[in-house]
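Participant: starting from these lines, generate the structure:
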Amino acid sequence: MLNNQRITALIKLLSAPIATGLAVAAVLLLLFPELRGTPTFAISDKSHSAQTTDLSGPVSYSRAVVKAAPSVVNIYTRTVTRQGTYPLLNHPLFRRLYDQQQQRVRGSLGSGVIMDSRGFIVTSYHVVDRVDEILVLLYDGREVPASVVGTDPETDLAVLKITADNLQSIEIGSPNQAEIGDVVLAIGNPFGMGQTVTQGIVSATRRNGLNLSTFENYIQTDADINPGNSGGALVDARGKLLGINAAKINRNDSEGIGFAVPADEVQKVLASIISQGRVIRGWLGFEAHQITPSLARQLNINLSAGLLITGIANGGPAHIAGLLPGDIVTSINGVAVTDPHSSINQIAEIVPGEPIDLQIRRADKPVKITATAGLRPAVD
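Facilitator: Numbers count the residues shown, from 1 in each chain. Down below sits the predicted model:
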């Protein structure tokens, strides 16, 4: 009994200071909020860390440049043009006064990308079109002559070959997985200044209908693409090739609108030129206009899509299969026709010699025709 009384007295004795201390602490925390500190919760911190990692990007893209830059080359070309001849130059007197063989040298420049360590380089066709000499300046300062292996004007691409040691081919990225807003870098030789890097984002993918080339499936970017950048590399933030810089909109009021040929299409062109000297594509041989609501009303037909055939190549696959002007192609190999761009690419992917099933409308009646894909004629 005595022990219980002592314990009770002790508790009463200690409770007063403790209560006083807690009251003082509460007042201090109320007056000075900074003393409270920041509570830590393992789950919240982990979630916050994950969000920060997802939203943050590299402060510098130097690693991407270091990885890709050695594979990008400068291209210099030389064209010799002869002055026109004049009838008076046939006279001995005038011939002595004028050199009939007077020549004028015209220089140009561009960029290219080493795609294979054996020395195969891809550049833009317009960079090397109708030139007499091509000189390639490598990243390490070496200058080597180049020869043209083959060209593909319909994608504005060309393949060159150089002979040199220790060439670093570029690593290929995944252009089909590129998303709008992805960071990209354009590496090239603008205005002959030497290798230069510009930075931007992917502005659009699968861009077509620009009339820049026959087969258009461009990656659009706002990274600066200046004269001399043509044929250079468009790489992702890891230094992997997304495309070959092709062109920009040449208007005084345009800014930040450039285009690149996707790397997967570049690889197809490269492989075909190396193995066969040219790009092999399927062909039917007809000209057509897209069916629009306005055209459908004019023709009084109940169609929302299709290709109205307006011309047929004599002796071509379409002619042999029995297609006629006025026919409307509504599907190709079971795929509904939506626009000329998609259809021409679909036909081009078919190996020459393979059958093509066409669903057409003729005199407002459905007709099925099977044609055989021909070899698309080369474009000079």
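Participant: which stretches of the protein have low pLDDT?
Facilitator: 1-58, 81-106, 248-254 (pLDDT under 70).
Participant: centre of the chain versus the top strand by length along it, how much separation?
Facilitator: Using DSSP state E, we find that the single longest strand of the chain is strand 103-116. Here the centre of strand 103-116 is set off from its chain's centre by 21 Å, with C-alpha atoms, centre = their mean, to the nearest Å.
Participant: begin at 33 from here
Facilitator: Got it, first residue is 33 now, which makes that one strand 135-148.
Participant: that one pairs with which strands?
Facilitator: Paired neighbours of strand 135-148 in the sheet (DSSP bridges): strand 104-114 (antiparallel), strand 152-156 (antiparallel).
Participant: show me what whatever helix or strand comes next after the last one is in contact with.
Facilitator: Using DSSP states H and E, the next helix or strand after strand 152-156 towards the C-terminus is helix 157-160. Residues from elsewhere that reach helix 157-160 (C-beta atoms under 8 Å, 6 or more residues apart in numbering): 107, 109, 140-144, 166, 180, 183-185, 187-190, 192, 262-263. Glycine gets a C-beta too; all of them are placed from N, C-alpha and C.
Participant: the following helix or strand past helix 157-160: which residues count as buried?
Facilitator: Following helix 157-160 in sequence order, the next helix or strand is strand 165-169 (DSSP H and E). Using 16 or more other C-beta atoms under 10 Å as the test for burial, strand 165-169 gives 166-169.
Participant: next one: stretch 309-316
Facilitator: For stretch 309-316, the neighbour count (16+ other C-beta under 10 Å) marks 310-316 as buried.
Participant: convert the C-alpha atoms of it to CSV, please.
Facilitator: Output in CSV follows, covering the C-alpha atoms of stretch 309-316 (Å, rounded to 0.1, in the frame of the first residue of the first chain):
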residue,chain,number,x,y,z
GLY,A,309,22.9,-0.8,-108.2
ARG,A,310,19.4,0.8,-108.0
VAL,A,311,16.3,0.7,-105.9
ILE,A,312,13.8,-2.0,-106.9
ARG,A,313,10.2,-1.1,-106.5
GLY,A,314,6.9,-2.4,-107.7
TRP,A,315,4.9,-0.6,-110.4
LEU,A,316,1.5,-0.7,-112.1
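Participant: now the buried members of the contacts of helix 157-160.
Facilitator: Among the contacts of helix 157-160, those that count as buried by neighbour count (16+ other C-beta under 10 Å) are 107, 109, 140-144, 166, 180, 183-185, 187-190, 192, 262-263.
Participant: can you give me the helices for the stretch 233-382 of the chain?
Facilitator: 295-308, 325-331, 349-353, 372-380 (DSSP state H, counting those that start in this stretch).
Participant: what packs against the third one?
Facilitator: The reference is to helix 349-353. Applying 3 or more C-beta pairs under 8 Å, 6 or more residues apart in numbering; DSSP states H and E, one finds that helix 349-353 contacts strand 339-344, strand 397-404.
Participant: quick one: contacts of that helix?
Facilitator: 315-318, 341, 344-345, 388, 390, 401-406.
Participant: name the member of those with the most neighbours.
Facilitator: Among those, Leu316 has the most neighbours (other C-beta atoms under 10 Å), with 29 neighbours.
Participant: contact partners for that one?
Facilitator: The contact partners of Leu316, by C-beta under 8 Å, 6+ apart, come to 348-350, 355, 379, 388, 403, 405-406.
Participant: can you add distance to Asp214 and give the helices and strands packed on helix 349-353 back as a markdown table?
Facilitator: Shown next, in a markdown table, are those (distance: least, C-beta to C-beta, whole Å):
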| stretch | distance to Asp214 |
| --- | --- |
| strand 339-344 | 34 |
| strand 397-404 | 40 |
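Participant: can you tell me which of those comes nearest to Ala303?
Facilitator: Closest approach to Ala303 among those (C-beta to C-beta): strand 397-404, 24.3 Å.
Participant: relative to that closest one, what are the paired strands and their orientations?
Facilitator: Strand 397-404 is paired, per DSSP bridges, with strand 387-394 (antiparallel).
Participant: how does this protein divide up, domain by domain?
Facilitator: 33-64, 102-193, 207-308, 314-407 (automatic domain parsing).
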